[in-house]
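Student: Please find the sequence and the predicted model below.
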4 protein chains.
Amino acid sequence: MSTFGSLFRVTTYGESHCASVGAIIDGCPPGLELSPQDIQVQLSRRRPGQSNLTTPRDEKDLVHVQSGIEQGVTLGTPIGLLVKNEDQRPKDYSETDLYPRPSHADYTYLEKYGVKASSGGGRSSARETIGRVAAGAIAEKYLKQVFGIEIVAFVSSVGKIHLPSNMVPPSLAAVDGDEDNDDVEDALTPEFRQLLATITREEVDKHPTRCPHLGTAERMTKRIIRAKEAMDSIGGTVTCVIRNVPSGLGEPVFDKFEAKLAQAMMSIPATKAFEVGSGFRGTEVPGSKHNDAFIVKDGKLGTSTNWSGGIQGGITNGEDIYFRIGFKSPATISQAQHTAQYDGTPGTLAARGRHDPCVVPRAVPIVEAMAAIVVMDQLLVQNARKTAAGLLPPITTLPPTMVMPSH
Amino acid sequence: MSTFGSLFRVTTYGESHCASVGAIIDGCPPGLELSPQDIQVQLSRRRPGQSNLTTPRDEKDLVHVQSGIEQGVTLGTPIGLLVKNEDQRPKDYSETDLYPRPSHADYTYLEKYGVKASSGGGRSSARETIGRVAAGAIAEKYLKQVFGIEIVAFVSSVGKIHLPSNMVPPSLAAVDGDEDNDDVEDALTPEFRQLLATITREEVDKHPTRCPHLGTAERMTKRIIRAKEAMDSIGGTVTCVIRNVPSGLGEPVFDKFEAKLAQAMMSIPATKAFEVGSGFRGTEVPGSKHNDAFIVKDGKLGTSTNWSGGIQGGITNGEDIYFRIGFKSPATISQAQHTAQYDGTPGTLAARGRHDPCVVPRAVPIVEAMAAIVVMDQLLVQNARKTAAGLLPPITTLPPTMVMPSH
Amino acid sequence: MSTFGSLFRVTTYGESHCASVGAIIDGCPPGLELSPQDIQVQLSRRRPGQSNLTTPRDEKDLVHVQSGIEQGVTLGTPIGLLVKNEDQRPKDYSETDLYPRPSHADYTYLEKYGVKASSGGGRSSARETIGRVAAGAIAEKYLKQVFGIEIVAFVSSVGKIHLPSNMVPPSLAAVDGDEDNDDVEDALTPEFRQLLATITREEVDKHPTRCPHLGTAERMTKRIIRAKEAMDSIGGTVTCVIRNVPSGLGEPVFDKFEAKLAQAMMSIPATKAFEVGSGFRGTEVPGSKHNDAFIVKDGKLGTSTNWSGGIQGGITNGEDIYFRIGFKSPATISQAQHTAQYDGTPGTLAARGRHDPCVVPRAVPIVEAMAAIVVMDQLLVQNARKTAAGLLPPITTLPPTMVMPSH
Amino acid sequence: MSTFGSLFRVTTYGESHCASVGAIIDGCPPGLELSPQDIQVQLSRRRPGQSNLTTPRDEKDLVHVQSGIEQGVTLGTPIGLLVKNEDQRPKDYSETDLYPRPSHADYTYLEKYGVKASSGGGRSSARETIGRVAAGAIAEKYLKQVFGIEIVAFVSSVGKIHLPSNMVPPSLAAVDGDEDNDDVEDALTPEFRQLLATITREEVDKHPTRCPHLGTAERMTKRIIRAKEAMDSIGGTVTCVIRNVPSGLGEPVFDKFEAKLAQAMMSIPATKAFEVGSGFRGTEVPGSKHNDAFIVKDGKLGTSTNWSGGIQGGITNGEDIYFRIGFKSPATISQAQHTAQYDGTPGTLAARGRHDPCVVPRAVPIVEAMAAIVVMDQLLVQNARKTAAGLLPPITTLPPTMVMPSH
């Protein structure tokens, strides 16, 4: 349904052409300094019309905070907020409405609800993500301030155009094709590890594609323009890193950190794939190469490699969390498509209206937002447990290997 | 935490070396004929010791139903069940216990809880999945009987050894490397579509690897044996198809069908990646090729291709649902590993004990179980909605394109 | 937190002096004809300033629907709505702010959150209930249209002034004080049963007290006026009946119908007590008198008496559901009170501002709303189960007493 | 359904005549010393056959812990436990099975599920509460050790026999019947306050009725014996106090402390009424008398009276929490009752089998258990919030009355 999270809980509402879209964010820690501008920054990164690579639909997407904040400080009560839909006229009845758009949600919404919004994507529209982005911005404000947590997503591929092989997780890096040869490169090349450790939103935003490698970004631009000119669309991938997450987050067995992260990411429109750490390609690497050996870092155990992507046994280990999401090519294209009407009549549909030829540049802040929400929620849950355990006397009756040294 | 599902709800308990592992399955429809044998079948497919490819730990894994069923019929009340741990002796204290196993959950469990089980994987052990498999078997019994739903998972790769390219989803199929060439093969080759449409568990079980292509299975066997002999391990992927799922399942926006499926799969131990339909590779295909055109099938709209993997806008469309999961190489290996002790002392760990060199053959029934639980839960939720809407009078005030024809 | 319900799910936001208060209602059945006026009716019954018995704070409380409805029909997607706070100026700093109001939430909110709204009740204000009332009105529209369910609450006492003894549940009726005498009157006098069976909102609203017995209402008015003039306050009780609820609603064991009803009612500000059916006084009646014998009504089993209040074993039995809620005297009074400041300094507080001397007349639509939400949510859950069970073949292997005749 | 709690989460299973009843307790803090005996103590207080006042069904009710504890210390993982049903033979088919027992759950279970257990109360049996009592005992162990929280319930009435008026909350104390007279006694007489402050389980258990006033206990015994001899039953009330609960627990607006407490209590079989603090009778007292003035206690704000029952605005204030629950007379009686069969045929039912003439003595540990579960769950949730807020820098921009002094 439209609520996500257990203690940091986001509930969203809104279709593409109703009065407004918005969210209620429940469980935000009280006493946090928070201004509308903290939220607006990410909404503006998400909004359409930022470049010639996105939909010409131009929405200012100004956030209106309704509750939960007084004199710039959160009260701990639910934060209600909304963004008005500038263009809320239901679309005129049109011949193209006789057709469910192929691979869009038109057909399945009607199958599910028996009724659907008259125009645009309705609830399946990307405008629904506004509430998520706002919620994520609030979570981030806290996470950054208290833990120095940094969440940065970037476009890692558009169509067949990928970041250079030394800037991608091993799932895309060249691995020897000889099935009897176990030699592999280190999971993370120095360049990729450097990228994960240092990439910032400012760098990501330098290019409209949000790809942090200029040469690749230029090729991606051409690819998107080509799709646009062909009245076609193209997909891509977004990679995201979360830095400085404390160890211990994630709730075995069903709410493991990567399980909730996967749900969060796969709930974003147009996603078809998710992988964390070494992902699919890591499955080809034998354990002896894939295992992350422990070493001491800053007086605490860390790992020398990070195939695990910062999560082991469903729980964060303090290393960088990185993951990749695949977004399909947008379903709405202006090109004529042979398909069938709702009543089964075969015919040709040429969709009208404004739409993105490629969603990944605008997906970047949405991915960051969902990541922030997951971290925040899991952090609160672990707070509950850790604080409770910390009030107990030290355990003296168990062998030392069963007990955390610092406990 | 240890509960999954809203209306069909599974809660599990159990570590590797406690008295028993088990589950409470709440929300099973009443009036279903259900015998312990219905559950045992899948538990036996999951249990260790089935071939020389798995851990020699030999557990009979007999299910003991405690409640919720009387005279072979479900009462609608919670079904409690358990499987005894045959070998429940906590392991003797050992020098290897000084080391958190690299890439295992030893370290993170201790970070999270401040205390951990003395031996084996504790709660992170694969024995935890017994409760899930039992729950899934119950869900399947219902789904099969009422809707003819069939869920079949199989091993699609071990290490670098994959099913032939005409038997895999497009994410692994060869796609032209020319970034300006949009020509692609059909998402699903006739052979792959045939495989999805017809594969059965009997066929899958013909070979101990649970790979349905004999030549590939033989190569996989050799690969696993090689890992075993090298005291090493190897990963792989499992592909799963769900046939005959009604359209309309999945709850936008956060509980979309693929989002809950992703959570369910990524909650299985050792998973690192999930993709549905065309997955990662589908992101490289332009919309005009990737969109699934509508056609009439059996008097109802269906799609001519199925890049979508049976889900559009987070809601099932009635086509086959297929997805792929990546399992990393098992972390526990007997080979010596240079790593550090809990206290940071560097050293060499050579793990002892019994463990699988490759988990994917035994993961097959676990994947099927989690898939069944997701379908069952989403089905019940959609039942609620659809039944409620069906009691309302027909909608007469909306344009016909907003209303389902049959409504 | 601020979300209630599993499938019909209400999330509210808003403090007394922020921009607006509102709610997101998720899970409303699609295809329901719904206008803002359907919601406004109950909001207007709840709003202040309706008579000289309530706070002079005058808010029009007009609902603004944001989403989920198009052309007067629900889409099945979340319904966002809000009511603007007309007077949203944070109160000027005042000496009385140094005092936590005795028995109000000032102190506990500060203890919980470490920060609190500057003025008024903040989130503990009765304005928070606006979102609930709106959600309840939506639920009611459906329940009335499809099942003819009627929910009517009324004021049954103000201070010591109660409805006549033949118009109250047995918990207040005279029972013989002789502890060895088991003779009791029928649980429901003919007058009370008639009242439950026929009372309407129109009758309830005939008098500003919302007490349906004119003589009593006049005495209540005098009592409230007396409290007002004394700068004091007075409590009371609200009784509510729900008619025509289908049998089978309620989810053992923790979500029994009366358990969720109790949570819902006790979540309303100022509530201190809840009883269903025969309630507290019923505990004094021996089982032989208290048991509701079965009889045939309209071709179905019903009960000849209704001490149970329409619920048995946590599940509705089709009889009228009736319950009573106790509301304490409002904490905010203008009379001087000897108490202490936040910092412990003893002193005298004379609260200023507008407040109700008695909340029960305005609580009536809030009670109805929460009742409607509980019925709607439980109905949807039971829909899920019943529809699922109904698709199974008839049970033939069990003795007839284990199986519903119509199954 | 059968799960209660958000972070401390209890899921139960079991019918009256299946193999076992039990529970999974998820979210217990790790590192707690816990033995089976800690749990057994309360199970033994709950079990039948303790005196001639309860059912002769004699069950040892020994707990078998399955998981989550190793070497006497909790691991933080789910604690599975079970109690075997000694007598699990399904009852022989009998003529009385043709009748749904009046006011029992026989009829409604069949209406809900379409099928029901063949014998006894099935899932509606009091044996279901075993899992709750075990879970409560675990929660209590933690609460007592860390916070010194004490939870003591006792029988406050049986039939018309109540504790003396100076030992009951004001809801039962004599209040002047003159509706224009606002003079009332203090909410809590010195004797009642003393009782709440000092009562122990040892004192409660001194008499089989679990009534702490000997003279009253003797009269209660006679009353229960009279019911038993008459093949009848009688109801009663249980009062419970929770001491030393920290301030700040309870989650507005729907999960207020008293709301979750009400749900918890009203989910216990046979409950019909709940009140907290001054309850129903408190509604008759004007605010000026009912408000609890603040005073300094141990350097912290407390209240001089406690009409609030330790909860204000849905949040605990640190004072004693006390509440009262009404249990109806048991529905199962051996006395002949004129009623109807499932098929509507009128007739006379004389139930056979073993059953309690009065449930309140055995309800005492169940009430305590549910209270402990609520406190534990709310404590963990507040831990999460408070720990998160505590990591933020002090708030300097708000007026002092908006910020907790110690913050």
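Tutor: Received, thanks.
Student: Past the lowest-mean-pLDDT helix or strand in chain A, which element shows up next along the chain?
Tutor: Taking mean pLDDT, DSSP states H and E as the measure, the helix or strand of chain A with the lowest value is helix A:190-198, at a mean of 90. Beyond helix A:190-198 on the C-terminal side, the first helix or strand identified by DSSP states H and E is helix A:201-204.
Student: about what we covered before: now the least confident helix or strand of chain A: buried residues?
Tutor: For helix A:190-198, the neighbour count (16 or more other Cβ atoms under 10 Å in any protein chain shown) marks A:192-193, A:195-196 as buried. For the C-beta atoms, the positions are set from N, CA and C on the backbone; glycine is no exception.
Student: just stretch A:357-373 next, same as before
Tutor: A:357-373.
Student: Point me to the helix or strand that includes the residue nearest to the spatial centre of chain A.
Tutor: Centroid-nearest residue in chain A, with Cα atoms, centre = their mean: residue A:367, separated by 1.8 Å. Per DSSP H and E, residue A:367 falls inside helix A:360-390.
Student: helices or strands next to that helix in the packing?
Tutor: helix A:36-46, helix A:129-147, strand A:150-158, strand A:236-243, helix A:257-266, strand A:321-327, helix B:106-113, helix D:360-390 (3 or more Cβ pairs under 8 Å, 6 or more residues apart in numbering or on different chains; DSSP states H and E).
Student: again, only this time at 7 Å
Tutor: helix A:36-46, helix A:129-147, strand A:150-158, strand A:236-243, helix A:257-266, strand A:321-327, helix D:360-390 (3 or more Cβ pairs under 7 Å, 6 or more residues apart in numbering or on different chains; DSSP states H and E).
Student: Enumerate the residues of chain A near chain C.
Tutor: Counting by Cβ under 7 Å from any Cβ of the partner chain, chain A comes close to chain C at A:1-3, A:9, A:11, A:13-15, A:18-20, A:22, A:24, A:26-27, A:30-31, A:66-68, A:70, A:73, A:75-78, A:80, A:82, A:90, A:113-118, A:122-123.
Student: So which of the residues you listed would count as near chain B as well?
Tutor: A:1-3, A:114-116, A:118, A:123.
Student: would CSV of these with secondary structure, neighbour count and pLDDT be doable?
Tutor: Formatted as CSV, these follow (DSSP: H, G, I helix; E, B strand; the rest coil; neighbours: other Cβ atoms under 10 Å in any protein chain shown; pLDDT from 0 to 100):
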residue, secondary structure, neighbour count, pLDDT
A:1, coil, 19, 96
A:2, coil, 27, 98
A:3, strand, 21, 98
A:114, coil, 26, 94
A:115, strand, 25, 94
A:116, coil, 30, 89
A:118, coil, 20, 86
A:123, helix, 30, 94
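Student: Check those residues and tell me the two furthest apart.
Tutor: Maximum pairwise distance in these, criterion Cβ to Cβ, is 25.9 Å, between A:3 and A:118.
Student: got the residues of the stretch 101-250 of chain A near chain D?
Tutor: So the stretch 101-250 of chain A meets chain D at residue A:146 (Cβ under 7 Å from any Cβ).
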